[in-house]
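# What follows is a protein structure lacking sequence information:
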């Protein structure tokens, strides 16, 4: 049913891939670069840069910060999805 699949090797590759993804940094900008947010593969914010010109405009600061963080998280999610497709897409379990 599963052909010549080495499940131990597959699990080892999966664990290595997950560790690499967790250490990867995803960065997004908003407001033309006024706010820059970075998240890691565990979706934790690891860096946030805010241009001084936004410090007097709380509403814009909030909107641009949320946008940058959300975009960085979306990048991380999409990358994880693509990695899963690449990892398991090549398996032909219908042999």
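Looks like it came in fine. Since the model is a prediction, treat every value here as computed from it, not as a measurement.

# Look up how far residue 44 lies from the residue nearest the centre of the chain.
Nearest to the geometric centre of the chain sits residue 76, at 1.3 Å (Cα atoms, centre = their mean). Plainly put, residue 76 is 10 Å away from residue 44 if you go by Cβ to Cβ, to the nearest Å. For glycine as for every other residue, the C-beta is placed from the backbone atoms N, C-alpha and C.

# do the same with residue 80
14 Å.

# still on that earlier bit, confirm the residue nearest to the centre of the chain sits in a strand?
No - according to DSSP: H, G, I helix; E, B strand; the rest coil, residue 76 belongs to no strand; its state is helix.

# Please look at it and residue 28 and confirm they touch.
No - using Cβ atoms under 8 Å as the test, residue 76 is too far from residue 28 to be in contact (9.7 Å).

# Could I get the buried residue list for the strand or helix carrying residue 61?
Secondary-structure assignment from DSSP states H and E places residue 61 in helix 58-89. The neighbour-count check on helix 58-89 (16 or more other Cβ atoms under 10 Å) flags 61, 64-65, 67-69, 71-73, 75-76, 80, 83 as buried.

# Next, the contact list for the residue nearest to residue 54 when sequence neighbours are not counted, please.
Counting by Cβ to Cβ, 6 or more residues apart in numbering, residue 54 lies nearest to residue 61, which is 4.5 Å off, once chain neighbours are set aside. By Cβ atoms under 8 Å, 6 or more residues apart in numbering, the residues touching residue 61 are 35, 50, 54-55.

# Out of those residues, who's the most crowded?
Greatest neighbour count in those, by other Cβ atoms under 10 Å, goes to residue 35: 24 neighbours.

# right, and that one touches residue 53 too?
No - contact criterion Cβ under 8 Å: residue 35 and residue 53 do not qualify, at 10.7 Å.
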